[in-house]
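> Just the structure for this:
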Amino acid sequence: MKKYIERFSFCLILALATISCNPTNLDEGGNGNEKTGKVSFSIKPEGDFVLVEGVDVKSSESKGDSESKASTSKADNEDTQNYKVVIYNSENEIVQSWDKASDIPAIMSMPTGDYTIEAKSTDLQAAAWDAKYYYGKQAFSVIYDKTTSVEVKCTLQNMKVTVEYSDSFLRNFKDFTVSVEILDTGVVPEGENYKLDFKSTTTSAGYFMVTPLLVTINGIRLDDSEYTHTETITEVHPMDYHRIKLNINEIGSTGLSIIVDTETINIEHDFTVPTDDEDLGLGGDTETPGQGGSDVDNPDQGGEDPDNPDQGGGDPIEPEVVLPTITGEGFDIDSPVIIRDADIVYDEEAGGNISLIPVKMNLTAEEGGIQSLVVKMAMSSDMQPLVESMFGGDSFDLCNMSTQIRGVVEALGLIAPGTDVKNMTSFQFDLTPFMGLLMEGTHNFTVTITDAKNNTVSKTLSIQRVQ
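Numbers count the residues shown, from 1 in each chain. Sure thing, here's the model as predicted:
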């Protein structure tokens, strides 16, 4: 057990190197080089769904006085003075940080070397009203006896959502709520809001972290009957503007169109849902009085045309839906997989514990390929905190990973470097490398696939690690 705990701790340290660091102070020597240079910073927010002009933190002239502060150019719709700023050295250690960009000296001395500066407008919220999130980072070098100017471009890193209603939609519902929520709540930090409810009186925009969304319409019709419909948005990117429009079409159904409109990404989602519990289409067996039966001479007025049986007649044949599949390679995924101490060996070439029992899952998504592949981990009480520290939470989406999470996943050997799972119609998810790291207890991996037609399937693989 000691060996695989040590191996897990080693992997954890490697993975966390891209996520968190131990702070140091410039006054304590920084990167250990006594030679110094000078640096000045400016912060420039940029975004597609909000035009930002003249927003930056510019350095003013200084006579070497480190107490002088950077002046901030202010715009009506964005203010960089309260941006949080962190500087890392080449070892990815924090060497300086500010809670407010306005506290940054106009010109400051730093030891020579390579650094990275990160700036963000605020802490990212999973779901919130009017909460744009800007983030950016920039590598720079401090050169001996030189002054270096560094500009950090911060781009929008969350998504904007608004809901609009036509007059006809408002006339057909006495009351309604459109709820937009994060599809996989496992990615939401504990205690944070994951859903926003839009009413007819809502004028604010909602902002969401970049992850698939679930849209639910709950309404009361004029006859007091209830109406509910859901749709998902799986194609998501930073800076997306999802504009949801609700309308009533001519045949009595509700047209729900979700339009993504940004300068860099052009995605359109069109959803049509009925206002009644039954289909209100024009086909079917309903007869018009005086025109019932089969009219061979005029097939458009009921019956079937023997020369063109596709016109008129009975209900249309619905195309077969091929749902995604999740199966175990050589094992029943619905039954626990038992791994004993004897199944784990130490491999000197690998530098740690490996499992002699392969644990691989075969995934398919024939309807347009995999659009979302969420892995949620419910580990033993000893391992859960370690896993959440490593992945930044208890779940991750293999189709929508940040650079840091991709680094962790690739370092653990869960996917090959550079693998792009999105749009694949088949994929083998190999969890074998993870098995050598597991401590004793029960560990559950819930895998959820969503394809291009929003078909979703989930399976839970249970691993029992015993002596």
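
> Asn158 contacts Lys132, correct?
Yes. If you go by CB atoms under 8 Å, Asn158 and Lys132 touch, sitting 6.9 Å apart. Every C-beta, even on glycine, is put in place using the N, C-alpha and C of the backbone.

> tell me the SS of the most centrally placed residue in the chain?
For the chain, the residue sitting closest to the mean C-alpha position, by CA atoms, centre = their mean, is Thr211 at 2.4 Å. Three-state assignment for Thr211 (DSSP: H, G, I helix; E, B strand; the rest coil): coil.

> Tell me which residues touch it, please.
Counting by CB atoms under 8 Å, 6 or more residues apart in numbering, Thr211 makes contact with Ile182, Leu183, Asp184, Val187, Val236, Asp397, Asn400.

> what do you get for Lys100?
Gln81, Asn82, Tyr83, Lys84.

> Repeat the analysis, applying 7 Å as the threshold.
Contact analysis of Lys100 by CB atoms under 7 Å, 6 or more residues apart in numbering lists Gln81, Asn82.

> Could you report the distance from it to Met424?
45 Å (CB to CB, to the nearest Å).

> Which stretches in the stretch 251-400 of the chain count as strands?
Secondary structure of the stretch 251-400 of the chain (DSSP state E, counting those that start in this stretch): strands at 253-261, 266-274, 304-305, 308-312, 325-328, 337-339, 344-347, 352-355, 360-364, 370-378, 395-397.

> per-residue pLDDT, the nearest residue to Ala416 once chain neighbours are set aside?
Excluding the flanking residues, the one nearest Ala416 by CB to CB, 6 or more residues apart in numbering is Glu410, at 7.5 Å. Looking at Glu410, its pLDDT stands at 88.

> and after the helix or strand that Glu410 is a member of, which helix or strand comes next?
According to DSSP states H and E, Glu410 maps onto helix 403-411. Counting by DSSP H and E, the next helix or strand C-terminal to helix 403-411 is strand 426-430.

> Now that next one: buried residues?
For strand 426-430, a neighbour-count test (16 or more other CB atoms under 10 Å) marks Phe427, Phe429, Asp430 as buried.

> Now pLDDT and distance to His242 too, for those, in JSON lines please.
What follows is the buried residues of strand 426-430, written out as JSON lines (pLDDT from 0 to 100; distance: CB to CB, whole Å):
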{"residue": "Phe427", "pLDDT": "94", "distance to His242": "27"}
{"residue": "Phe429", "pLDDT": "93", "distance to His242": "29"}
{"residue": "Asp430", "pLDDT": "92", "distance to His242": "34"}
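
> would you list those residues in CSV and tack on distance to Tyr194?
Listed next are the buried residues of strand 426-430 as CSV, based on distance: CB to CB, whole Å:
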residue, distance to Tyr194
Phe427, 27
Phe429, 25
Asp430, 30
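
> The closest residue to Phe429 other than its chain neighbours and Gln428, how far apart?
Closest residue in space to Phe429, ignoring its immediate chain neighbours: Met361 at 4.5 Å, by CB to CB, 6+ apart. To Gln428, Met361 is 7 Å away according to CB to CB.

> Can you give me the neighbour number for Ser381?
Other residues near Ser381 come to 8 when the count uses other CB atoms under 10 Å.

> And it, how close does it get to Leu438?
With CB to CB as the criterion, Ser381 and Leu438 are 13 Å apart.

> With Asp397 instead?
Per CB to CB, Asp397 is found 22 Å from Leu438.

> quick one: which of these two has more around it?
In terms of neighbours (other CB under 10 Å), Asp397 is the more surrounded of Asp397 and Leu438; the figures are 27 against 22.
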